[in-house]
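S.K.: Turn this into a structure:
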Amino acid sequence: MPSIRTPLLALALATLSLPAFAATVPYEVDARHTQVLFTYSHFGLSNITGRFGDVSGTIAFDAANPAASSVNVTIPIDSLSTGVPKLDDHMKSADMFDAAQFPTATFTSTSVTAAGKDKLKIAGKLTLHGVTHAVVLDATTNFVGPHPMSKAPAAGFDATATIKRSDFGVDYMAPGVPDDVHIRITLEAKGPKAEAK
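M.R.: Numbers count the residues shown, from 1 in each chain. Purely as a prediction, here's the structure:
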């Protein structure tokens with residue numbers, strides 16, 4: 001009769017051989033390497049792209065269990081840049097984003113779900129121009145691991161979404177200037193550095 005220790009030993013060895021799944025890791029958005037880009041059609045003549053910088057916020061990410069992850073970011077409207085100063089000033093004016101009255105936009109996730117290899121659906125609430133609406137980001141995980149330089153935990157993501165600006169009360173010249181705004185985000189985030197021993 002085989003000893004009961006044999007299956008117990010086998011179970012223990014099998015358990016040890018399983019990959020070690022890391023718990024949820026907290027990250028801080030790296031503003032120097034993060035951009036929020038937006039593109040819209042100008043009367044169908046051209047497709048104008050602008051960007052927001054100085055993004056701040058936190059990400060909690062668990063690659064093994066995306067549902068345990070969360071995103072919370074803040075975008076300063078005054079960081080808007082199209083490369084055309086007069087256009088930037090107009091976009092920041094009360095005609096459009098009204099940066100004086102609504103100085104920030106925020107995104108807070110409500111759920112994160114896996115959508116294939118390195119793909120995520122990040123549902124959340126976008127607050128822009130003082131109005132909050134549900135938005136879903138289609139995200140790609142670019143990198144999770146030690147940063148090549150600092151060796152601290154790091155993560156990188158790209159994400160896209162399309163919103164209607166009129167939903168947020170930014171309806172200047174609509175529908176002549178189309179309502180859809182395409183958003184593309186590229187983001188790096190830094191995890192905590194290991195304590196010196």
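
S.K.: what sits up against the helix or strand harbouring T162?
M.R.: Per DSSP states H and E: T162 is located in strand 153-164. Counting by Cβ atoms under 8 Å, 6 or more residues apart in numbering, strand 153-164 makes contact with 25, 27, 59, 61, 120, 122, 126, 133, 135-147, 179-192, all of which sit outside it. For the C-beta atoms, the positions are set from N, CA and C on the backbone; glycine is no exception.

S.K.: Now the buried members of those.
M.R.: Using 16 or more other Cβ atoms under 10 Å as the burial test, the contacts of strand 153-164 include 25, 27, 59, 61, 120, 122, 126, 135-137, 139-141, 144, 147, 181, 183, 185, 187-191 as buried.

S.K.: So which of those residues sit within strands?
M.R.: Among the buried ones among the contacts of strand 153-164, the members falling in strands (DSSP state E) are 25, 27, 59, 61, 120, 122, 126, 135-137, 139-141, 144, 181, 183, 185, 187-190.

S.K.: Give me the below-cutoff pLDDT ranges for the protein.
M.R.: Scanning the chain for pLDDT under 70 picks out 1-22, 193-197.

S.K.: ranges for the helices of this structure?
M.R.: Counting by DSSP state H, the chain has these helices, from start to end: 5-17, 85-92.

S.K.: I'd like the distance between the nearest residue to I185 once chain neighbours are set aside and T34.
M.R.: Nearest residue to I185 in three dimensions, chain neighbours excluded: A159, at 4.4 Å (Cβ to Cβ, 6 or more residues apart in numbering). For A159, the distance to T34 equals 11 Å [Cβ to Cβ, to the nearest Å].

S.K.: overlap in contacts of those two?
M.R.: 185, 187.

S.K.: So what's the residue count around S150?
M.R.: 11 (other Cβ atoms under 10 Å).

S.K.: Any idea what V25 is bridged to?
M.R.: Taking DSSP bridges, one finds F61 as the beta-bridge partners of V25.
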